[in-house]
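> A predicted structure for the sequence below; I have some questions about it.
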Amino acid sequence: NAGVTQTPKFQVLKTGQSMTLQCAQDMNHEYMSWYRQDPGMGLRLIHYSVGAGITDQGEVPNGYNVSRSTTEDFPLRLLSAAPSQTSVYFCASSYGEGRYEQYFGPGTRLTVT
Amino acid sequence: KNEVEQSPQNLTAQEGEFITINCSYSVGISALHWLQQHPGGGIVSLFMLSSGKKKHGRLIATINIQEKHSSLHITASHPRDSAVYICAAPRLLYSGGGADGLTFGKGTHLIIQP
């Protein structure tokens, strides 16, 4: 099993550009989530999904969009990149929400100039 | 909302020392997570525990539900243990349940010197 995969590993964007961060898992997990990690802040929840077709906002959703058309994939879209979105992004999956073991992807380091 | 506090923020120790990292949280929870992140690396789940103690090799995690406190111990520490250790608790939507994702502590940066 590949576990949780994320692409790309690194990305540089200019302010105003849009892009999609890809996340996929092959463990048949219903629950998937996106976090961002910033120095001194800890990880913060952006969006999450409890199954195909169901998504909801987390702690810091502004500027991001998600969809979940399949159990395996949970892409994160940046609609109009801003320097404040410079961060490391982690995707995670599990059998359920926070009371189940979480499996994290390797992360995407995004820089917005 | 569950608040998670970790201490210390930074810890430097000599190889072989016994290490303790502490975590406290504000709202009663059903499980607490300990995670490890190496520099520039991904995040790995070490433990998920809801009561008592768990042990994996030289790592031991304990939790006291009544005191809302957990500790991560490393025995016979080694330079390869150098990493950021993060505790996390379910991010409760409302009292009585309904968690979505995790709330994370800010991490403890551990350096083990040879």
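Alright, I've got the coordinates. As the structure is a prediction and not an experimental result, all values here were calculated from the model.
> Which of the three states applies to whatever residue of chain B ends up closest to chain A?
Per CB to the nearest CB, B:Pro90 is where chain B lies closest to chain A, at 3.0 Å. All C-beta atoms are positioned from the backbone trio N, CA, C, and that covers glycine. When classified by DSSP: H, G, I helix; E, B strand; the rest coil, B:Pro90 comes out as strand.
> repeat for A:Gly98
Per three-state DSSP, A:Gly98 ends up coil.
> Next up, the contacts around the residue nearest to it when sequence neighbours are not counted.
In this structure, A:Gly98 finds its nearest non-sequential neighbour in B:Pro90, 3.0 Å apart by CB to CB, 6 or more residues apart in numbering or on different chains. If you count contacts by CB atoms under 8 Å, 6 or more residues apart in numbering or on different chains, B:Pro90 has them with A:Glu97, A:Gly98, A:Arg99, B:Asn2, B:Ile29, B:Ser30, B:Ala31, B:Ala99, B:Gly101, B:Leu102, B:Thr103.
> Quick check: chain neighbours aside, which residue is closest to the fifth one?
Nearest non-adjacent residue to B:Ile29, counting by CB to CB, 6+ apart: B:Ala89, 4.9 Å away.
> I'd say the one you found and B:Gly101 touch.
No: if you go by CB atoms under 8 Å, B:Ala89 and B:Gly101 don't touch, sitting 10.4 Å apart.
> Touching both of those two, which residues are there?
With CB under 8 Å, 6+ apart as the test, B:Ala89 and B:Gly101 both reach A:Gly98.
> partners of the host helix or strand of B:Gln36 in the sheet?
Assigned by DSSP states H and E, B:Gln36 belongs to strand B:32-37. In the sheet, strand B:32-37 lines up against strand B:43-49 (antiparallel), strand B:83-94 (antiparallel) (DSSP bridges).
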